[in-house]
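Colleague: let me see the structure of the following:
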Amino acid sequence: MRPSLESLKPRGREVFDRVAAGRLNKQIADELGIAEWTVTMQRAQVMEKLGAGSAVELGQLAERLRQLAD
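Modeller: Modelled structure (predicted):
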């Protein structure tokens, strides 16, 4: 299965964008007005849906998607 951002719910997409930008869970939580543990859980769900093993892989995926959009 090919990873797809369309598989993410809106909040998952918000978390993905911020993780890919290099933000920490605490920063993401503050920006979105949610608990840090919620970000941790959503981040894990995003990584599972997109088949990423780390935040670095999410960043690489985001970069590939940006290149495809150009």
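Colleague: and the contacts of stretch 24-36?
Modeller: Here stretch 24-36 makes contact (CB atoms under 8 Å, 6 or more residues apart in numbering) with 11, 14-15, 18-19, 23, 38-40, 43. All C-beta atoms are positioned from the backbone trio N, CA, C, and that covers glycine.
Colleague: pull out the buried residues from it.
Modeller: 25, 28-29 (16 or more other CB atoms under 10 Å).
Colleague: now do stretch 45-65
Modeller: Under 16+ other CB under 10 Å, the buried positions of stretch 45-65 are 46-47, 49-50, 52, 55, 58, 61-62.
Colleague: could you give the mean pLDDT of that stretch?
Modeller: The average of the pLDDT scores along stretch 45-65 is 89.
Colleague: chain center to that stretch, what's the gap?
Modeller: On the basis of CA atoms, centre = their mean, to the nearest Å, stretch 45-65 sits 7 Å off its chain's mean C-alpha point.
Colleague: now do the same end-to-end measure for it.
Modeller: Chord length of stretch 45-65, first to last residue, is 19 Å (CA to CA, to the nearest Å).
Colleague: contacting residues around that stretch?
Modeller: 1, 3-5, 7-8, 12, 15-17, 19-20, 22, 43.
Colleague: and the residue positioned nearest the centre of the chain, how close does it get to residue 48?
Modeller: Centroid check for the chain by CA atoms, centre = their mean gives residue 16 as the closest residue, at 1.7 Å. With the distance defined as CB to CB, to the nearest Å, residue 16 ends up 12 Å from residue 48.
Colleague: and residue 12, by the same measure?
Modeller: To residue 48, residue 12 is 10 Å away according to CB to CB.
Colleague: and for residue 35?
Modeller: 20 Å.
Colleague: out of the contacts of stretch 24-36, who's the most crowded?
Modeller: Ranked by the number of neighbours (other CB atoms under 10 Å), the contacts of stretch 24-36 place residue 15 first, at 29 neighbours.
Colleague: is it in a helix, a strand, or coil?
Modeller: helix (DSSP: H, G, I helix; E, B strand; the rest coil).
Colleague: got the confidence number for it?
Modeller: pLDDT at residue 15 comes out at 96.
Colleague: once you drop chain neighbours, what's closest to it?
Modeller: Distances taken as CB to CB, 6 or more residues apart in numbering place residue 42 nearest to residue 15, at 4.7 Å, with adjacent residues excluded.
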